[in-house]
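Trainee: pasting the sequence and the predicted model now:
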Amino acid sequence: MVERFEKFTLIKCILETGRTHQIRVHLAYIKHPVAGDPMYGPKQTLIGKGQFLHAAKLGFVHPTTGKLLIFEAPLPAIFEETLEKLRRGIDTTHKIR
């Protein structure tokens with residue numbers, strides 16, 4: 001856990017495989033679904049387009065060169081804005097489905 005809010009929690013996960021839906025399925029299974037996830041997520045979720053799921057760092061070994069490649073990306077602006085609202089206690093939720 002990185003940061004806890006009234007209805008949401010910001011977490012950091014390190015995945016062991018790149019299997020489709022791995023993090024979404026596992027978090028939903030333990031009753032902590034990804035906000036904005038239309039398949040596994042909660043009906044009451046954060047306002048935004050899509051899932052609040054971000055790959056901050058991706059790495060793999062290049063199949064030809066054998067070199068480890070690592071790519072990093074900052075949080076999207078909508079994530080930063082939503083986190084700031086959550087920190088200030090502003091309701092940022094809406095119902096989906």
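Mentor: Received it, and whenever you're ready, just let me know what you need. Everything numeric here is computed off the predicted structure, so don't read it as measured data.

Trainee: can you give me the strands in the chain?
Mentor: 3-4, 9-10, 44-46, 57-61, 68-72, 93-95 (DSSP state E).

Trainee: now these in CSV, with mean pLDDT?
Mentor: CSV is the format used below for the strands of the chain (pLDDT from 0 to 100):
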stretch, mean pLDDT
strand 3-4, 92
strand 9-10, 92
strand 44-46, 80
strand 57-61, 91
strand 68-72, 97
strand 93-95, 75
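
Trainee: any chance you could map the helices in this structure?
Mentor: In the chain, the segments counted as helices under DSSP state H are 22-29, 77-87.

Trainee: what are the buried residues along the shortest one?
Mentor: Residues 23-24, 27-28 are the ones in helix 22-29 that count as buried (16 or more other C-beta atoms under 10 Å). In short, each C-beta sits where N, CA and C put it, glycine included.

Trainee: hang on, the earlier thing: can you check which of the helices of the chain gets nearest to G59?
Mentor: Nearest of the helices of the chain to G59, taken as C-beta to C-beta: helix 22-29 at 16.0 Å.

Trainee: then the closest one to PDB, C-alphas only?
Mentor: Output of helix 22-29 as PDB, limited to C-alpha atoms (Å, rounded to 0.1, in the frame of the first residue of the first chain):
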ATOM      1  CA  GLN A  22      -3.400 -10.900 -14.100                       C
ATOM      2  CA  ILE A  23      -3.500  -7.900 -11.800                       C
ATOM      3  CA  ARG A  24      -7.100  -7.100 -12.500                       C
ATOM      4  CA  VAL A  25      -8.300 -10.700 -11.700                       C
ATOM      5  CA  HIS A  26      -6.100 -11.100  -8.600                       C
ATOM      6  CA  LEU A  27      -7.100  -7.700  -7.100                       C
ATOM      7  CA  ALA A  28     -10.800  -8.400  -7.800                       C
ATOM      8  CA  TYR A  29     -10.400 -11.800  -6.200                       C
END
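
Trainee: cool, thanks, signing off.
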